[in-house]
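Chemist: Provided below are the primary sequence and the corresponding predicted coordinates.
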Amino acid sequence: MNVNRLLLLSSLLCPLFAAQEPPAPARLRIVVLEGEGAINNISEHRAKEPVAQVLDDNSMPVKGASVTFLLPETGPSGEFGGGVRVLTTFVDEKGQAVGRGLVPNQSAGPFQIRAVASFEGLTASAVINQTNAPRTSPSTGGISRKLWLIAVAGGAAATGVALAARGHGGSSQTSPAVGPSTLPGIVISPGAPTFQPPH
């Protein structure tokens with residue numbers, strides 16, 4: 001009699017406990033939360049750590065999933081803490097994983113970090129694009145894009161003035177050629193633009 005009651009009670013309780021277990025996802029999805037498009041500072045050995053989130057079919061975090069971050073072996077790249085190019089970490093309660101300790105190498109240029117999520121035989125992957133770049137300072141000839149555009153516009157205006165002076169008045173005489181040394185303002189030469197006072 002007691003055994004039958006126990007069996008009956010367990011048969012009633014087992015479905016309740018089973019209902020509390022989340023169903024296994026049919027597929028995984030990995031979303032890049034941080035690090036996409038980051039520009040890493042080679043001079044200061046600083047990089048933006050990638051952060052990825054693993055989600056199921058219903059966009060819910062997949063607890064217990066792992067994420068492996070893979071860096072390129074050659075060219076622009078970096079290392080994670082411990083000097084490794086492959087880092088595997090488990091997600092937190094929000095389903096998020098961080099590629100901790102990322103430091104750029106000394107090669108400038110764009111590269112990709114591959115993130116691969118795994119959970120119970122399922123996988124998903126994403127690519128995180130970053131760029132390694134040296135820091136530019138005014139003392140080393142760095143110039144902002146705005147100043148560069150102003151320099152180009154000034155050069156185009158000077159050329160327009162010279163052409164207008166040459167063709168003005170309908171005369172068959174030609175004006176002497178106007179070169180950069182006779183025009184006040186901006187002088188354009190190969191390399192970084194320089195600004196000179198009027199002559």
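Modeler: Sure thing, it's come through. Numbers count the residues shown, from 1 in each chain.

Chemist: surely residue 124 touches residue 54?
Modeler: Yes - look at residue 124 against residue 54 with CB atoms under 8 Å: they come within range, at 7.2 Å. From N, CA and C alone the C-beta is placed, and that goes for glycine too.

Chemist: between the two, which is the more surrounded one?
Modeler: residue 54 (29 against 20; other CB atoms under 10 Å).

Chemist: show me what contacts that one?
Modeler: Residue 54 makes contact with 28-30, 61-62, 65, 67, 91, 95-97, 117, 119, 124, according to CB atoms under 8 Å, 6 or more residues apart in numbering.

Chemist: next one: residue 128
Modeler: By CB under 8 Å, 6+ apart, the residues touching residue 128 are 32, 35, 36, 50, 52, 112, 113, 114, 115.

Chemist: residue 126 now?
Modeler: Shown in contact with residue 126 (CB under 8 Å, 6+ apart): 30, 31, 32, 52, 114, 115.

Chemist: who wins for neighbours among the residues you listed?
Modeler: Within those, most neighbours by other CB under 10 Å means residue 52, with 27 neighbours.

Chemist: please, which helix or strand holds the nearest residue to it once chain neighbours are set aside?
Modeler: Sequence neighbours aside, residue 115 is the residue nearest to residue 52 in space, at 4.6 Å (criterion: CB to CB, 6 or more residues apart in numbering). Element membership for residue 115 (DSSP states H and E) is strand 109-119.

Chemist: what's the answer for residue 32, then?
Modeler: Assigned by DSSP H and E, residue 32 belongs to strand 29-34.

Chemist: again, but for residue 64
Modeler: Residue 64 belongs to no helix or strand when assigned by DSSP H and E.

Chemist: okay, it and residue 117: tell me how far apart.
Modeler: Going from residue 64 to residue 117 by CB to CB, to the nearest Å gives 11 Å.
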